[in-house]
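[1] Predicted model follows, preceded by the sequence.
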Amino acid sequence: MEKAREYLGLMTKESETASRLAVRPHHSAGDGPYENFILRGIRVDRVEPGFVSCTFKDASGNLSAGAIASLVDDVGEASVHDEDLPLKVSVDMSISILSTAKANDELEITSRALGQKGGYSGTVILFKNKVTGELIAEGRHSLYGKIPSKI
């Protein structure tokens, strides 16, 4: 055991070098420039356990498939997020794009938790035109995350 401890231990010089390293603070997955761009036009209207409702206004009228996927990821995770646990990670995403949003259309985005088994959660996210009620897109999002300890 002593040989293993000695082998794994830092030498004095290595320890001094390590102590001089500058370590930047950790950023969450949602801190990137793409997420900030996508989430800039979103307003959270209602939050309940297992449910999130948002309004999104797309000024450009160019809501791309990638932007929809990003919103499915972010809003879907929000409906199953547990404040005491780390963010869940996406396991699977399925998106059906049924129509397009026009410039300045206000969209209602709702996310509902479908269920949870262990650390695995499923959500459904709907994108509707707030004025006409037309369904723009539907996403199904599966996530996995740590489950609370029973200890």
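    Now that the structure is in, tell me what you want to look at. Residues are numbered from 1 along each chain as shown.
[2] Below-threshold pLDDT in the protein: ranges please.
    Applying pLDDT under 70 to the chain flags the ranges 1-40, 148-149, 151.
[3] now do 50
    Filtered on pLDDT under 50, the chain yields the residue ranges 18, 23-29, 33.
[4] Tell me where it has helices.
    2-8, 12-19, 33-39, 65-80 (DSSP state H).
[5] What distance separates the opening and closing residues of stretch 45-53?
    Start-to-end span of stretch 45-53 (CA to CA, to the nearest Å) is 6 Å.
[6] Any buried residues in it, and which?
    For stretch 45-53, the buried set under the neighbour-count rule, 16 or more other CB atoms under 10 Å, comprises 52, 53. From N, CA and C alone the C-beta is placed, and that goes for glycine too.
[7] who's in contact with that stretch?
    44, 54-55, 75, 78-80, 108-113 (CB atoms under 8 Å, 6 or more residues apart in numbering).
[8] again, 7 Å this time
    Residues outside stretch 45-53 that contact it (CB atoms under 7 Å, 6 or more residues apart in numbering): 44, 54, 55, 75, 78, 79, 108, 110, 111, 112, 113.
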